[in-house]
Every structure is written in structure tokens, then in C-alpha cells.
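Visitor: show me how the following folds:
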Amino acid sequence: MTSTPRPVRREPGSTSLAAVKIPRPLVDQMVEHAREDLPNECCGMVGGRDGVARTIHRARNARASPFSYDLDSKDLIRNYNEITDTGDELIGIYHSHTKSAAEPSQTDINLAAYPDAVYVIVSLADSENPEIRGWWLRDGKVDEERLEFD
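Guide: Numbering: from 1, shown residues only. Okay, the predicted model is just below:
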């Protein structure tokens, strides 16, 4: 992996009405992953282009923790290669919150390493009604990104 990919999408804080689009089957895959990894947080990557998600790539949480995540380095490299080998870009990083809202924790903000990827958080605080929200995490700043599920 030589550089962070540059998705072709609007900048955080833009007044554009565009949203990152995640097809319902991919949303279901992220929620399923979050439930399977309980009691720990899950994590993975989202591939796509032009603000439209096309693939979900699971990764192991190297921390195996219910409070934080760290994408396993081997999974990170493998997933990144799988995404870019198809001509897609890394458009998102996802992880779960097992007991808290789908809002970035201070740890999430501090450890965010991909400023051009939307951070998608799947909250299982209400296990019957998972909450999924997207965030730009750049230079310690947090901006919510509208997600559209279809």
C-alpha cells in the first residue's frame, strides 16, 4: 500500500446534497458482522467509487475489544488490494459500537488514519434497531456525512 486513495466525492462540510450511498445488502453485511463479533467491536473496509459503496471487506479487530478497534494489518493490506484490484477505491472504514451510539468516540477521532474515507459506525446499543451513521474524521475534526441506504 503506497498511498491513501482519493475518492471522488464532495468535501466534508460541503453544502452539496450528495450522500454516500450504501446498498441495503451491504448495510446488512455490516450489521451481521457487528452481531457476529459481539461482545467485541467489529471492523472492516468499504470499497466503491463516486460515493457509491460496492463491496464490504471484513477485517479482524486486532484489539479484540468491546471498547475499541484496530484493523488487523494483514487484513488491511489484503482488503485494500482487493478493493483497488477491481478499480474501486477505499471509500469507507466501518466499525461497531457495542453499547454506545453511532457517534465517534474520542479514541475513534484520535486514531482516524484515512482522511479521505467516511467512517461508518454501526451501533448495536439497541440490538433490535441498529443505528448506522457516517462521519468524516480529519485533523481532529468531526463532520457527519449523510448516508443513503437503498
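Visitor: where in the chain is pLDDT low?
Guide: Scanning the chain for pLDDT under 70 picks out 1-18.
Visitor: which parts of it are strands?
Guide: 20-22, 43-49, 52-59, 89-97, 118-123, 131-138, 141-145, 147-149 (DSSP state E).
Visitor: just send those strands back as CSV, with distance to residue 108 and mean neighbour count too.
Guide: Yep, even glycine has a C-beta here, placed from its N, CA and C like the rest. Formatted as CSV, those follow (distance: least, Cβ to Cβ, whole Å; neighbours: other Cβ atoms under 10 Å):
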stretch, distance to residue 108, mean neighbour count
strand 20-22, 17, 23
strand 43-49, 11, 24
strand 52-59, 15, 20
strand 89-97, 8, 26
strand 118-123, 7, 24
strand 131-138, 7, 19
strand 141-145, 9, 15
strand 147-149, 16, 15
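Visitor: columns distance to residue 76 on top of these, output as JSON lines?
Guide: Formatted as JSON lines, those follow (distance: least, Cβ to Cβ, whole Å):
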{"stretch": "strand 20-22", "distance to residue 76": "20"}
{"stretch": "strand 43-49", "distance to residue 76": "8"}
{"stretch": "strand 52-59", "distance to residue 76": "6"}
{"stretch": "strand 89-97", "distance to residue 76": "10"}
{"stretch": "strand 118-123", "distance to residue 76": "15"}
{"stretch": "strand 131-138", "distance to residue 76": "17"}
{"stretch": "strand 141-145", "distance to residue 76": "21"}
{"stretch": "strand 147-149", "distance to residue 76": "22"}
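Visitor: quick one: closest of those to residue 75.
Guide: Nearest to residue 75, of all those, is strand 52-59, at 3.8 Å by Cβ to Cβ.
Visitor: residues in contact with that closest one?
Guide: With contacts defined as Cβ atoms under 8 Å, 6 or more residues apart in numbering, strand 52-59 is touched by 20-23, 26, 29-30, 33, 42-48, 71-72, 75-76, 79, 82-83, 86, 88, 91-92, 94.
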